[in-house]
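Visitor: Here is a sequence with its predicted model. Questions after.
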Amino acid sequence: MTTSTNAPLLQMEAISKSFPGVKALQDVSFDVVPGEVHAIMGENGAGKSTLMKILAGAYKADTGRILMNGHPIEARTPQQAMELGIQIIYQELNLVPHLSVAENIFLGRMTPGAFPGSVSHRKMREQAQKILADLGLDVDVSKPVNQLSIAQQQLVEIAKATSRKALVIAMDEPSATLTEHEQESLWRLVKRLRDSGIGIIYISHRMDEVFMLADRVTVLRDGKTIKTHYMSETTPEHLIGEMVGRSLESNFPKVVAPVGKSVLTIKGLNRKGVLRDINLTVNAGEVVALAGLVGAGRTEIARCIFGADPYDSGEFTLDGKPYTPKSPYKATHAGIGFVTEDRKGQGLILPMSVRENTTLASLDLVSSIGKISFKKERDAASKYVASLRTRTPSVEQRVGNLSGGNQQKVVLAKWLFRNTKLLILDEPTRGIDVGAKVEIYQLINELAAQGIAILMISSELPEVLGMADRIIVINQGRVAGELNRDEATQEKVGALAVGA
Amino acid sequence: GGKKDAATGTGSTPGAAAPAGPEIDIAVIPKGTTHDYWKSLHAGAAKAEQEAKAAGKNVHIIWKGPVREDDRNAQTDVVQTFTTQKVSAMVLAPLDSEALARPVEAAEDAGIPVVIIDSSLNSKKIASYVATDNEKGGALAGTQMIKLLGGKGRILVLRYGIGSASTEQREKGFLDTIKTAPGITVVSSDQYAGPTVDTAYKSAQNVLGRYGKQIDGVFTPNESSTLGMRLALKDINELGKLKFVGFDSSGPLIDALKANEIQALVVQNPFQMGYMGVNTALDAIAKKQVPATIDTGVTLVTPENVGDPKVNELINPPIDKYLGAS
Amino acid sequence: MTTVQSDPPMQAKAAPSSPGARVQQIMKSLGPFIGLFLVVVLFSIQPGVGKTFLSFDNFQLVLSQTVIVAIGALGMTMIIISSGIDLSVGSVVALTGVAAAVLMKDHHMPAIVGLLAAVILGGIVGAINGGLIVALRVTPFIVTLGTLEVARGVAKWIGNENAVYAPHSWIDQLTQNTAPGGVSAAVWIVIALAILVHLMLKFTVFGRSIFAIGSNEVASRLSGLRVDALKISIYALAGLFFGLSGIMQFARLSGMGDPTIAQGEELDVIAAVVIGGGSLSGGEGSILGSLIGALIMALLRNGSQLMGWPSYIQEIIIGVVIVVAVALDRIRHRSAGKA
Amino acid sequence: MTTVQSDPPMQAKAAPSSPGARVQQIMKSLGPFIGLFLVVVLFSIQPGVGKTFLSFDNFQLVLSQTVIVAIGALGMTMIIISSGIDLSVGSVVALTGVAAAVLMKDHHMPAIVGLLAAVILGGIVGAINGGLIVALRVTPFIVTLGTLEVARGVAKWIGNENAVYAPHSWIDQLTQNTAPGGVSAAVWIVIALAILVHLMLKFTVFGRSIFAIGSNEVASRLSGLRVDALKISIYALAGLFFGLSGIMQFARLSGMGDPTIAQGEELDVIAAVVIGGGSLSGGEGSILGSLIGALIMALLRNGSQLMGWPSYIQEIIIGVVIVVAVALDRIRHRSAGKA
Ligand SMILES: Nc1ncnc2c1ncn2[C@@H]1O[C@H](COP(=O)(O)OP(=O)(O)OP(=O)(O)O)[C@@H](O)[C@H]1O
Ligand SMILES: Nc1ncnc2c1ncn2[C@@H]1O[C@H](COP(=O)(O)OP(=O)(O)OP(=O)(O)O)[C@@H](O)[C@H]1O
Ligand SMILES: [Mg+2]
Ligand SMILES: [Mg+2]
């Protein structure tokens, strides 16, 4: 793309923003020209989302200014920013659960009907259907969004922002919750928007994605601009170096641990309409990955094992003994841990501190006769803050104030602290930066080496291929096939996933 | 003192010279504040205040009801606060004959005489009891009902509410009297009107829905239940057709009586009650001997005697004169 | 990726809803009817009382008793869908009734002025509620608990701590069973308003926005809805209904404005909405449901009194029915909803 | 991967909290005191009334008037932190009082049995509330609206629709100002219980779990907390407090069990908790705050009466103060909390 000659469409100049105890942004500047995809990269907590929220009018910068087409703008509310042609896809989902897919897409600008003030549901449905078809999402648009999976909801969110009148669209980790298939649709959409002259800000932790899509990249570290590059003039290794301030050896430092006896076996697990005849085994020291498309039912399997959802039939054994998943409480005490895919809704108590979240699943370990030892809690929390490199001013910080990736680390810490026999990781590195990912992979290695069985659900194929000892591919609630580490390839997994 | 007058709305003393002597504060505590009945009582108390002032005494009455009209706790709080405030005397219409006993005794122990008005209090430590004989009032209504029906027929009693002593005595007086007339059957006497006109109205509608066509007479034991019953009877077009005996007076009830929609009302004398209550309190403060009970009387008002001047004064007490037209 | 043209099933999907969703829809709107049906059956089969209970007279009666709560429930449904609550209903009913009576009696205003003033006053109190909720960021429960006290106090104040009897006027006739169909004009007013509000909730931008902010306020704000202005409008509009409910109360008492009336009515109105499928966490509720909820409560009171049950039995039964009705609704939801 | 030892700044971070957070903490616990202070000042500066208002007698009085609401507020604080609500308080107070009276009068039980029975009965009603909420998945508002009616009905039933006068006993003395310090034993009981509940909320697994399920129930469940069992325990434990509150009411009425007492008390209790910083959306609340909330309400009533204000002015002022107190709290939160 040769867009460099164009005058900038959007400029953010010398933006600074502080939160109590945190300097989130200091003098950050970058610009976007029309028809460009401008990536922003940086570690968790580098300040990317904060920068976007300032652009969106959701936060107010302490200092600095924003220019559109060379003129300073004052967008105090999201509404005003939107009217100026700035559309944002936030890192966390922002949908209205009880309204239909169509209504969500058109929220704030519903299609008028025959009477003044009325809406035409029919027209909205038709338009929504078209917009979603472009994204490759085939759902009943009159369904309330709360009946969609997280990935489907993410697509609706993307459709909502991209279908608005826009000069600039900022996407904050739009692909984090998508599987490869949907990602491709997203990429096509991004390219099309770019070709129509819209400026796109694209935040992602995925190197391959950034190199494929972006024209330029700006790296943030600790709230400061490090440098803006043309993609052609940089390499992934160089970017990583700038982001983390050191170099990393390997993307997937897989260590194969000795495989012990079976920890979990499932025979004939059925749940009407969702799961059919699932059989699987996870052994001690083994990392088993569940791969598949969005909505394949992987999360459902995990929830059934954990006793969070009912099932119709099926036999489980845990550590050689029969096990009946009744409730998450029983599961936890039987030695199962579950890192959920939705950290905000299911993983964390946002108003509580890092300390309190870390020990939430293990209160029995930090208390005696019902009384909690704050010291034990602090020690535990501090340990995981250090080992996971969680960026937080203190262990007393509200988890809700952490950046997305750092929140994810706290969820991991919660279950690491519990010392489980079987750890289920549902999208464990969602939203985690490259540096921290490697640390999490090393952690997975260590856990496996300790003889813990790991069941990992991931929609990132490289991660699945890089980390798993065995890959079980799920397609429409069924086991479509099983591949060993050495026989698995991107193509084979992909083919099983789509049922080919 | 002037400030308190303005705040309590008791009105000013017309033309009286600045009263001298020690300040005498008398708290008058009704069960509620929002019925004509209590207004009349207030006016009676104000009359006593003005007379005392004219006689050179520095007397102020403090009119203070509980915020929620059926809340014993609130009234207890009011009495206790007045005790702490060390008023000179209290005139109290207790919401409950037991619940208020101890706070009143505490006041007496603190040297504050308490005159009980309107409803009884189960305590020996009171200065005096100034009230209507409610059972007698009920009996009066019963006798009139027997007379109106010629000793024969089916009647309905809509009670007021659970735990209200004065109305229970009226209901008892009425029902006991009715028992003396073997020709009269009570088809229902176990439903309650509830605290407001609207609850009474609904309740009356529902009860009449079942028995409306079969009855010859109705009795209701207080103002709100009588008002509600009147509305319900009007709906089914029975006003004037069956015999209706109620209790208490207020504008619309007297109008209904004059239109012969209601055949009789037992009317108390709240004005007198307020007046006597304050005067008795003044006597008690002055350590004079006061009678243990004072009956302020009940009067049966019928379409025939409603024009009498004596009855007229009873049903139109001079409220404006003593409380000012506001 | 499939293109739009290549997709015939699209058209089918653009139809109101899929078969599954349609069944669910029907179940959902049928829901409160089950409760209604059960209550009606319960009393109809009682020997001696059944006939009276099912008579036209009794039907008229129950409808007329439902009117006040029903109008309040129309406003409350909007508020509850928006994830709010209004505890001041009862006080506003008293306040507006007294205001109308004072205007008509002391200021000799014509009845229509009294009526309009009451309705507008209701709207103003609602706007104040909404304004405070928005400006102070205090939860609706507390703001309206405050206005509950204040409005009651003001009602007593302007009524001079007394019931105010207005001169008779055509307003008194509104609740008399003199309108076509042998019911009162108020019943027809309720029906007309219910249809309007239902259509408003379903088919207008305002209506959809009410669902949106009730379901996810943050997302609504970030999507450009003017959440603050909307909230004020919702409470103000609901306030108009509460004012009208006050006028109906005034009419029912033949033109009396009673400052002590309708205490605790808020709980009846809220119960009606929730029995009818409204969710206190917002985003759910229906006008039809709320009306049926109001009717269920009125029928229960009426039926138990016809049975001659002592008042404590009535209270116990009403309590049980409230819980059972809502529980049934939840079970229905679950079976109809997610598998 | 870095090891724990290599990280000296960790130690500093592990200290109770950062200076900013500590200021915030102090502001937060100071919050309700500001409201209390304002109310006290308001009445103290009134000529003529100030002296009485500040007298020890008046102080005793206000404390004794606060007791019933305060004990209720202890239980309600737990429930509100867990994101629940209990509307049945008032009815439970009546029910347990009547039950104690019936036991002592009709069954000639000693006073201690009456007291224990009342407290346990309160706990049972609470457990039923919690059980229904959990089993039927119906919102606490509705379940307890149901028990509000049912418990009231049952109170009237066992009291035979009448107040029940128990023989005099030492229970009556609990609310007399005969305990050390010139206040009533009830005041000391409240203080002792408040300390216990405060410690429980802060330092025990149970307390932490209450905050957790109030903030995010789903995440709590998925972290292995037994949410259902916890909820039942919370309501049951709170119910014990409501039962005790019923006994205090019984004592205040000199040993009378009155089935119609304490109507609408739920709103007072809830208001106390929320004025004290509790949030109806759960996860927030403090025992100290709730007690101060209860005290503020009692002081307002007491002060307005000393001022000789008519009751409607009192209502208006209480309404305004409820809103202002909570608004102040929110503003404080915002300035202390997020930028
Ligand atoms: N509301 C807030 N209050 C306090 N601190 C905050 C708040 N929001 C963000 N922060 C802090 O600001 C810093 C930047 O956060 P931001 O969310 O912008 O990071 P990010 O680059 O988007 O990270 P990620 O890749 O994890 O999404 C972090 O240290 C975070 O803890
Ligand atoms: N709340 C819900 N209501 C209705 N259907 C749902 C709901 N949640 C999930 N589903 C459906 O259940 C199926 C399985 O979803 P699940 O989330 O288990 O899939 P997954 O393989 O984990 O996908 P993902 O990549 O989204 O995590 C999907 O068809 C999804 O649409
Ligand atoms: Mg981010
Ligand atoms: Mg999943």
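Guide: In hand now; what should we look at? Ligands and ions are numbered 1, 2, ... in the order given.
Visitor: which stretches of the stretch 101-250 of chain B form helices?
Guide: B:101-109, B:134-149, B:165-179, B:197-211, B:223-235 (DSSP state H, counting those that start in this stretch).
Visitor: Only the buried residues of the longest one, if you could.
Guide: Taking 16 or more other CB atoms under 10 Å in any protein chain shown as the basis for neighbour counts, the residues of helix B:134-149 that come out buried are B:134-146, B:148-149. In this view, the C-beta of every residue, glycine as well, is placed from N, C-alpha and C.
Visitor: sorry, back to before: residue A:409 is nearest to which of the helices of the stretch 101-250 of chain B?
Guide: Proximity to residue A:409 (CB to CB) singles out helix B:197-211 among these, at 60.4 Å.
Visitor: and that closest one, anywhere near chain C?
Guide: Yes: Helix B:197-211 reaches chain C (CB under 8 Å from any CB of the partner chain) through B:197-198, B:201-203, B:205-207, B:209-210.
Visitor: Which one of those is nearest to residue C:164?
Guide: residue B:197 (12.5 Å).
Visitor: Report the separation between that closest one and chain A.
Guide: 41 Å (CB to the nearest CB, to the nearest Å).
Visitor: Surely that residue and residue B:227 touch.
Guide: Yes: using CB atoms under 8 Å, residue B:197 makes contact with residue B:227 at a distance of 4.8 Å.
Visitor: Now the common contact residues for the two.
Guide: Common contact partners of residue B:197 and residue B:227 (CB atoms under 8 Å, 6 or more residues apart in numbering or on different chains): C:253, C:256.
Visitor: Which single one of the residues of helix B:197-211 next to chain C is nearest to residue A:195?
Guide: residue B:198 (69.6 Å).
Visitor: what's the helix or strand for the spatially most central residue of chain C?
Guide: Residue closest to the average C-alpha location in chain C (CA atoms, centre = their mean): residue C:73, at 0.3 Å. Assessed by DSSP states H and E, residue C:73 sits inside helix C:56-81.
Visitor: residue ranges with poor pLDDT in the chain?
Guide: Looking at chain A here, since you left the chain open. The model of chain A has pLDDT under 70 over residues A:1-5, A:247-250, A:500.
Visitor: Chain B was what I was after
Guide: Where chain B drops to pLDDT under 70, the residues are B:1-20, B:34, B:67-70, B:163, B:325-326.
Visitor: can you do 80?
Guide: B:1-21, B:32-36, B:66-73, B:97-99, B:162-165, B:195-196, B:212, B:250-251, B:324-326 (pLDDT under 80).
Visitor: how about the strands in it?
Guide: B:24-29, B:59-63, B:89-92, B:114-117, B:128-131, B:153-159, B:184-192, B:217-219, B:243-247, B:264-267, B:293-295, B:299-301 (DSSP state E).
Visitor: can I get those in a markdown table with distance to residue A:140 and mean neighbour count?
Guide: Below are the strands of chain B laid out as a markdown table (distance: least, CB to CB, whole Å; neighbours: other CB atoms under 10 Å in any protein chain shown):
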| stretch | distance to residue A:140 | mean neighbour count |
| --- | --- | --- |
| strand B:24-29 | 67 | 24 |
| strand B:59-63 | 68 | 24 |
| strand B:89-92 | 70 | 29 |
| strand B:114-117 | 72 | 28 |
| strand B:128-131 | 74 | 22 |
| strand B:153-159 | 57 | 23 |
| strand B:184-192 | 54 | 17 |
| strand B:217-219 | 62 | 27 |
| strand B:243-247 | 64 | 26 |
| strand B:264-267 | 69 | 27 |
| strand B:293-295 | 80 | 15 |
| strand B:299-301 | 73 | 19 |
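Visitor: Of those, which is nearest chain A?
Guide: Nearest to chain A, of all the strands of chain B, is strand B:184-192, at 42.3 Å by CB to the nearest CB.
Visitor: hmm, that closest one in reach of chain D?
Guide: No: applying CB under 8 Å from any CB, one finds strand B:184-192 separated from chain D by no less than 9.0 Å.
Visitor: The residue in chain C positioned nearest to ligand 1: how many residues sit nearby?
Guide: When scored by CB to the nearest ligand atom, chain C has residue C:218 as its residue closest to ligand 1, at 13.0 Å. Neighbours of residue C:218 under the rule other CB atoms under 10 Å in any protein chain shown: 14.
Visitor: before we move on, what about residue B:105?
Guide: Neighbour number of residue B:105 under other CB under 10 Å is 17.
Visitor: Which residue comes closest to it once chain neighbours are left out?
Guide: residue B:125 (4.8 Å; CB to CB, 6 or more residues apart in numbering or on different chains).
Visitor: For the stretch 1-150 of chain B, what lies in contact range of ligand 4?
Guide: Residues of the stretch 1-150 of chain B that fall close to ligand 4, judged by CB under 5 Å from the ion: none.
Visitor: How about chain A?
Guide: Checking chain A against ligand 4 by CB under 5 Å from the ion, the hits are A:299, A:341.
Visitor: Give the residue farthest from the middle of chain A.
Guide: Most peripheral residue of chain A (CA atoms, centre = their mean): residue A:115, 41.9 Å.
Visitor: how about it, what does it touch?
Guide: Counted by CB under 8 Å, 6+ apart, residue A:115 has contacts residue C:204.
Visitor: now the one 4 residues further on
Guide: By CB under 8 Å, 6+ apart, the contact list for residue A:119 reads A:110-113, C:203-205, C:208.
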